[in-house]
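J.: Structure for this input, please:
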Amino acid sequence: LILRGGLIMFTAFYGLSFDPFQKDIDTKFFFKSNDFNQALSRLDFLKNVKGFGLLTGEPGSGKSSLLRYFVNSLNPNLFKCVYIPLSTLTVMDFYRALCDGLGIIPSFKKVSMFKQIQESIYTYYHSKNITPVIILDEAQFLKNSILDDLRIIFNFQMDSKDCAVLILSGQTQFISQIQRQPHEALRQRIVVNYSLKGLTLDEVKLYIPYMLKIAGCSEPIFTDDALELLYSSSNGLLRPLNAIARMSLIAGANKHTRVIDSEVIYEAQTEVNISA
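T.: Presented below is the predicted three-dimensional model:
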């Protein structure tokens with residue numbers, strides 16, 4: 001049961017087959033909160049109608065996990081997914097990344113790459129019956145020059161056709177950025193817009209036992225007070241919620257306690273939070 005540094009392996013102590021609070025959890029184990037289902041229904045709608053989608057939320061609210069689930073649900077025979085996580089790009093770097101995702105050898109000139117990208121998307125959609133799904137993550141870092149080009153790149157047949165899905169995913173402040181007057185044309189193209197808010201208190205009280213159960217433990221390890229403190233400490237946001245829950249299990253295992261109460265949560269929160 002001993003880990004490096006003398007820490008007890010909490011998974012073994014609590015009879016877990018794996019760490020249920022790891023970030024790369026299999027999508028089949030995802031907890032379907034109301035927030036998750038609402039956002040996913042909009043992405044499913046978007047994949048059918050095509051066009052632009054906007055997904056926002058505070059850091060740790062589950063945007064990337066939701067997108068991973070959505071991408072895994074797509075039929076690879078009908079959709080071509082291009083994921084671009086590096087949003088701090090120059091316009092030329094963005095064009096090259098898009099070319100690379102679409103399987104194009106990029107030209108040296110922007111105007112040539114623009115033509116390559118449009119022709120590739122058009123060919124995928126009309127000749128191969130495959131809809132390209134372009135995901136731009138961390139959209140709050142996108143330069144205005146890239147935002148300006150997006151609506152032009154995805155303008156087909158005098159803006160009468162949508163041949164692809166473009167998802168802009170970013171932190172909440174991105175909404176303020178695209179609300180500025182220069183981005184009015186881009187904003188008008190957004191078909192779906194959803195902001196993730198995180199789990200409610202009631203959902204946290206369901207989420208923690210659910211995640212423990214899929215890892216092999218059905219015992220009520222966390223007290224009700226502990227679950228309430230977990231919620232208030234994380235504001236229902238998945239990343240900090242998972243981090244504190246995991247640290248609580250580590251602390252509990254090292255104390256040889258089978259019950260995680262609010263005191264253990266408080267200690268875990270203190271350890272997880274970074275402060276001067």
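J.: and the closest residue to residue 197 other than its chain neighbours, how many neighbours?
T.: Leaving aside its sequence neighbours, residue 197 sits nearest to residue 35 (C-beta to C-beta, 6 or more residues apart in numbering; 5.6 Å). For the C-beta atoms, the positions are set from N, CA and C on the backbone; glycine is no exception. Neighbour count of residue 35, defined by other C-beta atoms under 10 Å: 22.
J.: How many residues are close by residue 97?
T.: With other C-beta under 10 Å as criterion, residue 97 counts 18.
J.: can you pull the contacts of it?
T.: The contact partners of residue 97, by C-beta atoms under 8 Å, 6 or more residues apart in numbering, come to 84, 86, 89.
J.: Among those, find the lowest-pLDDT one for me.
T.: Within the contacts of residue 97, residue 86 has the lowest pLDDT, namely 72.
J.: just checking, that residue is part of a helix?
T.: No: per DSSP: H, G, I helix; E, B strand; the rest coil, residue 86 lies outside any helix segment and is coil.
J.: Got the phi and psi for residue 255?
T.: For residue 255, the backbone dihedrals are phi -90, psi 0 (criterion: degrees, to the nearest 10).
J.: Nearest residue to it in space, ignoring adjacent ones along the chain?
T.: Going by C-beta to C-beta, 6+ apart, residue 255 has residue 264 as its nearest residue, at 7.3 Å.
J.: Residue 95 now?
T.: That would be residue 113: by C-beta to C-beta, 6+ apart, it lies 4.3 Å from residue 95.
J.: got any ranges where the stretch 151-276 of the chain has weak pLDDT?
T.: Counting by pLDDT under 70, the stretch 151-276 of the chain has low-confidence residues at 157-160, 274-276.
J.: thinking again about what came up before, next up, the contacts around the residue nearest to residue 95.
T.: Residues in contact with residue 113, defined by C-beta under 8 Å, 6+ apart, are 95, 96, 98, 99, 104, 106, 107.
J.: So for whichever strand or helix holds it, what gets flagged as buried?
T.: Assigned by DSSP states H and E, residue 113 falls within helix 110-126. In terms of neighbour count (16 or more other C-beta atoms under 10 Å), helix 110-126 has its buried residues at 113, 114, 116, 117, 118, 120, 121, 122, 124, 125.
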